[in-house]
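Asker: Just the structure for this:
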Amino acid sequence: MNKYILTLVVLATAVITSCSKTEPEIPTAGAPETKAYPLTTCVVSGEELGGMGDPVEYDHNGTTVKFCCKNCIKDFQAKPEKFLAKLK
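Answerer: Numbers count the residues shown, from 1 in each chain. This is a model prediction of the structure:
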């Protein structure tokens, strides 16, 4: 009888410890990581982003450009290549 009790205790311990182990995380395929915006200042004015409220985001042919305010977008649109060089 002691043999059966010992066997049950060993099996119960094995089940309990195997259930409490955490499984390793498996990387999942999802959206690619996005790069952090490389600048902390407006490409047009040089002012700090967020210094005049939330930065204004503008999509230029798939590239996100951030400005300190809406007024800078017009200047950017006049010479985008000049300002896009600052992002690289």
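Asker: how about the strands in the protein?
Answerer: 56-60, 63-67 (DSSP state E).
Asker: average pLDDT across the last one?
Answerer: pLDDT averaged over strand 63-67 equals 96, rounded to a whole number.
Asker: Neighbouring strands of it in the sheet, and parallel or not?
Answerer: Strand pairing for strand 63-67, determined by DSSP bridges: strand 56-60 (antiparallel).
Asker: tell me the mean pLDDT for the partner strand?
Answerer: pLDDT averaged over strand 56-60 gives 97.
Asker: For Glu47, which of the strands of the chain is the nearest?
Answerer: In this view, these are compared for proximity to Glu47 by C-beta to C-beta, and strand 63-67 is the closest at 8.8 Å. Where you see a C-beta, it was placed from the backbone N, CA and C, and this is true even at glycine.
Asker: Extract the C-alpha set from the closest one and format it as PDB.
Answerer: Only the C-alpha atoms of strand 63-67 are listed here, as PDB (Å, rounded to 0.1, in the frame of the first residue of the first chain):
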ATOM      1  CA  THR A  63       7.700  59.100 -45.600                       C
ATOM      2  CA  THR A  64       6.400  60.500 -42.300                       C
ATOM      3  CA  VAL A  65       7.700  64.000 -41.600                       C
ATOM      4  CA  LYS A  66       7.100  65.800 -38.300                       C
ATOM      5  CA  PHE A  67       6.700  69.500 -37.900                       C
END
